[in-house]
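K.L.:
Just a sequence and a predicted model for now, questions to come.
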Amino acid sequence: MSAIERLKGKRAEWRAAAEKVKDKPAKFGPDVDLSTFIDPAERPEVATLKSLDNQMREAALYAGVDADETYRSGSYFQVDHTPIYRKVQEAYEGQLEIMSTNEALEKYEWVQDLWWTAVPVDQDKYTAKAEMEHTGGYFIHVFPGQKIEKPIQACLLLAENNVSQNVHNMIVVDEGADCQIITGCTVNTKVEHGIHLGISEFFVRKNASMMFTMIHNWAESFDVRPRSGTIIEENATFINNYILMKPVRSIQMFPAAYLNGDNSRARFNTIISGKKDSYIDVGSKAVLKGKDTSAESIARTVGYDESQIYARGDLISYVNESKAHLDCRGMLFSDKAQIWAIPALAAVGAPQAELSHEAAISPIAEEEVEYLQTRGLTKDEAMSTITRGFLNIDIPGLPPVLKTYIDHVLDAADKEAL
Amino acid sequence: MLEIKNLSASIAGKPILDKVNLTINKGEIHALLGPNGSGKTTLLMVIMGMPRYEVTAGTITFQGKDITNATIDERARAGIGLAFQRPPVVRGVTTRQMVEICSGVKDEGKTMALAERLNLVPMLDRDINQGFSGGEAKRAEMLQLLAQNPDFAMFDEPESGVDLDNMAIVGGAMAEILETKEMRRTGDRNKAGLIVTHTGHILEFVNADFGHIFMHGSIVCNGNPRDLFAEIRENGYEECVRCNKCQQ
């Protein structure tokens, strides 16, 4: 039986499971009516990212995806439902592969076997729709032992109004491999309304390492429901950086890292700026199952205007030899905004597990603002500098190219806010 | 350069400064001596324009302009600088950034050269004052003032919490900021300064031209700073109140 024929059988199983939850709302966040979205037209593939129109290039760049691919090892670009570009740079051929997940499912039976193993297909109506109306997504596979110095980039862009982009992504970093991935999820400036359902299943194999950085740039009437799970094997490391700086109608996600392998490590770094009437419910969950595992979750949130931010963080340990810490801090700049910091720790049958958290919501200290004013900054400039510094998470091992890129995103958002 | 007339100020309704009069001309270095809690730091904070202090009477004139109601940053940009006794930690803002803010430009070479002189290179990329020792915090204040290059610099207890080695570095930097290193004569200098000290040790490194005893929110005695200190060492601050010579 070919992989394609096998896939038909698998699809039937997944869809049957999805069908059962197609009306099941998510545990958190406002419920979104999924019946109103349209199917967009297919788009032609492009030969190079430079040939994209200016608007798309700009939207992508703002989300960290560079059309000039000099400092990237490979790229994937999807517009609405159509994967329009994927390329591995010549120097990296034979070290990694990039394609759409539709292609990967047809090509590899092992991809079918991994499908829906890090995220349950029957989680809620959003996972169900992503299965029943699957519209692409990236598949990135770094081959065993390969150290990819330049980041791999993927862009999921919405160019049409009122579209539901139902992508299902998969990244497999094979044994002993090492990579950094930048994902930009963004919209063209004319897009106001739509939904992005992004399933992401990541597998960090034994002795492998992956730094995943995702920037979300959405629109004010846009809903976003990502569902992510990462399975981390023995001696492997997973670092997840997430940045949201622009307004969105609602976003709800709770990415999970399953530290299954002994001595595996995970770290979540989350930077959120809530603007206008954005409803943001973003968490991170670390499930420690292997011996000597460790996890850290750092979140910095700032709330402006009438935004509501729910910053969740779950640390769950099933083993004695494990450590995890959560550090969640928020600053509120409006008497109509809300920040809820909701840490949860659980040691399950593991009395020696060390789990801790510190959560704080506090204003900018006046004496800090005044201190900067004595050096010549206006009050507004001083507050902006301190806020920018507050969001500046120190990410150990962050490569210079990624640091520059994150700084660029934060600076750009900062300038826009001013 | 700086003229303070009949200045009274309070904090949270409690009067702290009472009819302070002080004139500091270009080139002059003044030392403000006084016991703890006498209001010396408050005077510096009021000159700098800190909003939690309310000016209830009097005026502050700087370079001929009334700055009594100016904001902190307006005063800083006009040429007033302040080295804090206990500077706050500002998380996420590095020492390097502070130097760039003070100098108004990003000049890697200049920043590095200043940091090397003050032995602060390892602190450049750390959050300002985060985990700094007493000496490091004082040197970081000097680093910023050297970058800011104010016409009128105020120093709040620059020797407190500082060992002798660090005091020499801090004193050297103060002398440079106040131009007393190269230009020993008052008339040659373009800068002026006000140094708050209750031990007087820092005056061994920076030569002050005028001294004032500050008690109970007022200047109670004026004179040569060294003579004033000798008197205080011998008879204590209370003698200044009893003596009352300066007020006559």
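P.N.:
Cool, the structure landed.
K.L.:
Output the below-cut-off pLDDT ranges for chain B.
P.N.:
Across chain B, the ranges flagged by pLDDT under 70 are B:181-187, B:241, B:243-248.
K.L.:
Neighbours of the one residue in it that gets nearest to chain A, how many?
P.N.:
Nearest residue of chain B to chain A: B:Gly92, at 2.3 Å (CB to the nearest CB). Heads up, the C-betas are built off the backbone N, CA and C, glycines and all. B:Gly92 has 20 neighbouring residues, counting by other CB atoms under 10 Å in any protein chain shown.
K.L.:
looking at it, it is touching A:Asp394, isn't it?
P.N.:
No: applying CB atoms under 8 Å as the test, B:Gly92 and A:Asp394 come out as separate, 9.0 Å apart.
K.L.:
so what's the residue of chain B closest to chain A up against?
P.N.:
A:Ile386, A:Arg388, A:Gly389, A:Phe390, A:Leu391, A:Asn392, B:Asp127 (CB atoms under 8 Å, 6 or more residues apart in numbering or on different chains).
K.L.:
Surely the second one is in contact with A:Ile406?
P.N.:
So that's A:Arg388. No: A:Arg388 is beyond contact range of A:Ile406, at 11.8 Å (criterion: CB under 8 Å).
K.L.:
These two: which is more packed in?
P.N.:
With neighbours defined as other CB under 10 Å, A:Arg388 and A:Ile406 compare such that A:Ile406 has more, 23 against 19.
K.L.:
Report the secondary structure state of the more buried one.
P.N.:
At A:Ile406, secondary structure determined by DSSP: H, G, I helix; E, B strand; the rest coil is helix.
K.L.:
what sits against it?
P.N.:
A:Thr213, A:Asn241, A:Ile243, A:Ile395, A:Leu398.
K.L.:
just so I have it, where are all the strands in chain B?
P.N.:
For chain B, the strands defined by DSSP state E occupy B:2-11, B:14-24, B:29-33, B:53-62, B:65-66, B:80-83, B:90-94, B:127-128, B:152-156, B:192-197, B:210-215, B:218-223.
K.L.:
which of these sits most buried?
P.N.:
Among these, the stretch with the highest mean neighbour count (mean count of other CB atoms under 10 Å in any protein chain shown) is strand B:80-83, at a mean of 28.
K.L.:
which other helices and strands contact that one?
P.N.:
Counting contacts by 3 or more CB pairs under 8 Å, 6 or more residues apart in numbering or on different chains; DSSP states H and E, strand B:80-83 is packed against helix B:40-48, helix B:134-148, strand B:152-156.
K.L.:
May I see the buried residues of the longest one?
P.N.:
If I follow you right, that is helix B:134-148. For helix B:134-148, burial by neighbour count (16 or more other CB atoms under 10 Å in any protein chain shown) applies to B:135-148.
K.L.:
Can you pull out the residues in contact with the helix or strand in which A:Asp223 is found?
P.N.:
If you go by DSSP states H and E, A:Asp223 is part of strand A:221-224. For strand A:221-224, the surrounding residues in contact (CB under 8 Å, 6+ apart) are A:32, A:185, A:187, A:191-196, A:198, A:216, A:218, A:248-253.
K.L.:
From the residues you listed, list the buried ones, please.
P.N.:
Buried among the contacts of strand A:221-224 (16+ other CB under 10 Å): A:32, A:185, A:187, A:191, A:193-196, A:198, A:216, A:218, A:248-253.
K.L.:
low pLDDT regions in chain A?
P.N.:
A:396-399, A:401-402, A:412-418.
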